[in-house]
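Chemist: structure for the following, please:
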Amino acid sequence: MSKPVKDIISKEIGTRFGQLDSVIVVNPIGLNAIDSNKLRLGLKAKRIEMEVVKNSLAKCALTGTRLELASKLLDGPSALVTGGDSAVDVAREIFDWSKKMANLKILGAVVEGQLLDAQGAEMLSKMPSRVELQGQVVQLAKSPGARIAGQIAAPGSRLAGCIKALADKLEKESGTPAAA
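Modeler: The predicted model follows:
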């Protein structure tokens, strides 16, 4: 490959990955064509992309970006996996696929400037996603208010229950329906 072509490819890789802050690096070399297509289509359905890169071009392209640390993971055949709603979602999906396809090896990840090895990437896949964390925060913020509202409403509810029971009792005794 000529130097101008390498420069063009390197710039293209830099343009696509330069703005990202998270990536999972995998070794897809053991996958046959059918498994590779299944993997790519499965990832695409979740808005996740896997791109096989030439290590020397990727190292050059990622220099000076937030993904520069990924260069340390690029050893042997490598693919960069990005996309999804968060790095946790990408890690979960890749680990699900690695369980289905034994030849798919996770090499590591870079998440917001931190380099993670394969075990760190696996731990990342077990963390709650951004959406799950937001839901937990909302639930925690909402919980005290709901408890207070329940405590405020409880005496009135109890009183209403007592009045209803008394009205039912009087209704049975007199044989006439009580006014609602």
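
Chemist: give the phi and psi angles for residue 151, as a check.
Modeler: phi -70, psi -40 (degrees, to the nearest 10).

Chemist: next one, pLDDT for it please.
Modeler: At residue 151, the model reports a pLDDT of 75.

Chemist: count of neighbours near it?
Modeler: For residue 151, the count of nearby residues is 9 (other C-beta atoms under 10 Å). Glycine gets a C-beta too; all of them are placed from N, C-alpha and C.

Chemist: state the distance from it to residue 142.
Modeler: 15 Å (C-beta to C-beta, to the nearest Å).

Chemist: the chain: strands as residue ranges?
Modeler: Using DSSP state E, the strands of the chain run over residues 22-27, 48-53, 78-83, 105-111, 114-117.

Chemist: what does the first one contact?
Modeler: I take that to be strand 22-27. 17, 50, 67, 70, 73-74, 76-82, 86-87, 90-91, 94, 98, 104-112, 121 (C-beta atoms under 8 Å, 6 or more residues apart in numbering).

Chemist: tell me which strands that strand pairs with, and in which orientation.
Modeler: In the sheet containing strand 22-27, its partner strands are strand 78-83 (antiparallel), strand 105-111 (antiparallel), by DSSP bridges.

Chemist: and the shortest one, how far out from the chain's middle?
Modeler: A distance of 15 Å separates the centroid of the chain from that of strand 78-83, by C-alpha atoms, centre = their mean, to the nearest Å.

Chemist: out of the strands paired with strand 22-27, which comes closest to residue 36?
Modeler: Among these, strand 78-83 comes nearest to residue 36, with 9.7 Å by C-beta to C-beta.
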